[in-house]
Structure formats: C-alpha cells, structure tokens
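Participant: A structural model of the following input is requested.
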Amino acid sequence: MTDGSIIYSIFLIFAGAAVLATVALYARQAMIVAYILLGVILGPWGGGLIDDPSWIEDVSDIGIMFLLYLLGINMLPQQLWRMLGEAMSVTLASCAIFTLIGIGIAFAFGFVWHEAFLIGGTMMFSSTIIGLKLLPTTTLHHQHTGQIIISILLLQDLFAILVLLIIEGYSVGGNPMYGVAREILALPVLIVITYMLERWMIEPLIRRFDQIQEYIFLLVIAWCLGIAELAAGFGLSHEIGAFIAGVALASCPVSMFIADSLRPLRDFFLILFFFSLGAGFNPTMFMQVALPASLLAVTMLFLKPYVFKVLLVRAGERRRVSAEIGARLGQVSEFSLLIAVLAFESGFIGDRGAYVIQLATLVTFIASSYWIVMRHPTPIAIRDSLRRD
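Facilitator: As a prediction, this is how the structure comes out:
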C-alpha cells in the first residue's frame, strides 16, 4: 500500500467516523457503534473502498495497548479498597451468573465446551466506555453511584486480564495447561520488574522534570511501549504489559495528568480498532450467528440490570440507586470484542463463536445506550431534565 493510499484511507475513516458519530449522537448512541458500522460500510465486505484493512489492524493494536494502559493508570488502589467489600461480592456473583447463562446458551446452539466457556465468559463484562461516558461527572448525586460503577468495572477488568492470560497460554502451542501455567508464572516476574523500574527510574525522572510536559508525555509513552515489549519477551501479550505499566503508575503524583494527556492518542488508535473490527465482519456469517447472538443479547439486556439491582440491594444499597447502576451496566463490553478477536486469532474459538460475541455485544451497545439516555441523566440525554455535564 502506498503512502497516498494510506492517507486516503485515513481520510475516509476519520471523515466517515465524524459523519456517523454525529448521527450516532443525535440518535443517543455510543460512538463506538458508528466506528464499527463505518468499518462494515467501507470495508471489503461493504463498499470495498478500503479493501486491505490488515494494516489498520496492526496500527489499531496500539489503541488497545493505550486503552489498557489508561485503565491501569485509573486503577487507584485507595478507591478500590474503599469499595472492595461491596464491589467484590456483587462482581463475583454477577460474573458467575452471566457466565453460566452464556455457557448454557452457547451449549444449546452446539458450541464445543471451550468455545461455550469463552462465549459465556465474555458475557460477564460491562462496557467501561458506555458506563463512564454516559455518567454525569459534575452531578453531586452521582458521586456514590460513580464510585460503585467504577469499582465494579475495575474488578471486571481484572477478570478480563485473567481471561486474556488463558487465551495467550492456549496460543503458545503444545499442552494448553503448560502454556497457561507458564503465563501465570511469568506474570509475577514481570510485575516485580515493572514496579522496581517504576520506583527507581521512572518516578525519579518524573519528579525531576515534571515541569517539562513534553518530556513527561514522551517518557510515559516510552514506558508503556517498553513494558509491552518486555511482556512480549516473557511470552505475555503487549496488552498485558501495557496494563501492568499503567497500574505501576497509578499512584504516581502526575498520574491524572498522564491519563489526560494520553486520551486523545488512545482515542485516535481506538477509532482504527473499532473500524477494523467492522471491516472484518463478514455479512455472510450473519444468518449463521443471528439467532444465538440475538438470544444472548436480549438475555443480557433484560437480566443484567435486574441481577445487578438485586445484588446491590442485598449489599445494602438503596433500591433506586441499585436500579440505576444496573441499567448503566446492562450491556456487554468492548473487552468482549477484544477477547473475541484475540481468541479467534489464537485459534481458541472459530469464526462462528467470534461473530456471535461481536454481534451480541454490538446489539447490547445500541439497546443499552438508548435505554440509558431515555431514562437516566447523561451528557447526551434526550430530555433537558435528564441532561447533565
């Protein structure tokens, strides 16, 4: 692909994303839906204007690394400990319920055991992007609600990392159990090295040159990519390394500045990731996965808000707050999309299983976003009485 065609492809992606994102906002939808739909329209299975999305997939992997890096940076130990008792019990119970339901539905449609377990496992996550983007940030009423949502999402993110470890262990080859064991043994070694480097090298440099924002920006990008490469050297994925690099910086005095600085860069690459996801979606598979994906999506859309509400009420939360939290967590996650892609690339699941997860996730994105903006305060609510910054 020539430089000109790359520039033309980038133009098509971001111009098209701007148009469809505008439509999505008017329709009270998450912009992720617009990016995925754009991939379907422009990709090889749609208009064919971008017929070789492989280069986009390579670049979009960087977006996933930055997403996990920022998730790690925002994983503040103090906040997690404050909410750990309530969030842990609710998260564990809900994850078990949604996983078992997902496994049952997958088995009913003929998936083999490991595919059924993965499909069920991806159902236990809720969307961090939808959960936080549609939560008012300046409304005093939502401070406690936001703390609970963030705590549950952070714990779910930890479970997602464990799922990624299992997938990576399987992709090593040979005995899958050996691969998983090797991943589990390599992880603590990487964590120790990362924390030593952060404490004795990165943090002193940040303290010494914290007034030079350009240098801090450069340093933290190099830190993310460096630990990602170190993780790859240990046989782990770049994504796992980026997440650990972020967690190591979470207690750094300028962690919030780092997070704010990297968000535009993350968003740039994530647009490419979601576009590549849509571009790789084969419409000819739709009829094969429409029924199981629709059943999974509808089941999660109805059960997730109810299950979270019941669990939170039992944990001592007010019924009204519990109902709102349940609604805001009532979808499947972008992590599920990532897991589906990586599991398919590693050979852990087939294309039918990957498409079931992707289609079910997309349906819950659309329905859940619409429900939230119709019923609860959000920055893009349809009624002025619900609109909050």
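Participant: All the helices of the stretch 251-389 of the chain, residue numbers only.
Facilitator: For the stretch 251-389 of the chain, the helices defined by DSSP state H, counting those that start in this stretch occupy 255-279, 286-314, 319-328, 334-346, 351-375.
Participant: Which of these comes out lowest on mean pLDDT?
Facilitator: Per-stretch mean pLDDT for the helices of the stretch 251-389 of the chain is lowest at helix 255-279 (a mean of 81).
Participant: Can you list the buried residues in it?
Facilitator: 255, 257-259, 262, 266, 269-279 (16 or more other CB atoms under 10 Å). C-beta: built from backbone N, CA, C; applies to glycine.
Participant: picking that back up, select, out of the helices of the stretch 251-389 of the chain, the one closest to residue 96.
Facilitator: Closest approach to residue 96 among these (CB to CB): helix 286-314, 10.3 Å.
Participant: The closest one packs against which elements?
Facilitator: helix 77-108, helix 319-328, helix 351-375 (3 or more CB pairs under 8 Å, 6 or more residues apart in numbering; DSSP states H and E).
Participant: any idea which helix or strand comes after the longest one?
Facilitator: Once the chain leaves helix 77-108, the next helix or strand it forms, by DSSP states H and E, is helix 113-122.
Participant: What residues sit buried inside that following helix?
Facilitator: Buried residues in helix 113-122 (16+ other CB under 10 Å): 115-122.
Participant: And those, which is closest to residue 356?
Facilitator: residue 119 (6.2 Å).
Participant: Need the per-residue pLDDT for that closest one.
Facilitator: 94.
Participant: ok, and the closest non-adjacent residue to it?
Facilitator: residue 106 (4.2 Å; CB to CB, 6 or more residues apart in numbering).
Participant: which ones are touching that neighbour?
Facilitator: 115-116, 119-120, 292, 353, 356 (CB atoms under 8 Å, 6 or more residues apart in numbering).
Participant: so what's residue 232 up against?
Facilitator: Shown in contact with residue 232 (CB under 8 Å, 6+ apart): 238, 241.
Participant: Please identify the buried residues of stretch 56-75?
Facilitator: For stretch 56-75, by 16+ other CB under 10 Å, it's 56-57, 60-75.
Participant: And that stretch, how far out from the chain middle?
Facilitator: 9 Å (CA atoms, centre = their mean, to the nearest Å).
Participant: same thing with stretch 216-224?
Facilitator: Its chain's C-alpha centre lies 22 Å from the corresponding centre of stretch 216-224 when counted by CA atoms, centre = their mean.
Participant: pLDDT below threshold where in the stretch 1-150 of the chain?
Facilitator: Low-confidence segments of the stretch 1-150 of the chain, defined by pLDDT under 70: 1-4, 52-54, 57, 75-86, 137-143.
Participant: Please repeat the previous calculation with a cut-off of 50.
Facilitator: Scanning the stretch 1-150 of the chain for pLDDT under 50 picks out the ranges 1-3, 139-141.
Participant: among the helices of the stretch 251-389 of the chain, which is nearest residue 218?
Facilitator: helix 255-279 (10.4 Å).
Participant: okay, the angle between the closest one and helix 351-375?
Facilitator: Interaxial angle, helix 255-279 versus helix 351-375 (axes from the mean of the first three to the mean of the last three CA atoms, to 10 degrees): 120 degrees.
Participant: Give the full set of residues in contact with the closest residue to residue 128 other than its chain neighbours.
Facilitator: Counting by CB to CB, 6+ apart, residue 128 lies nearest to residue 153, which is 5.0 Å off, once chain neighbours are set aside. Residues touching residue 153, when contacts are defined by CB under 8 Å, 6+ apart, comprise 126, 128, 131-132, 329.
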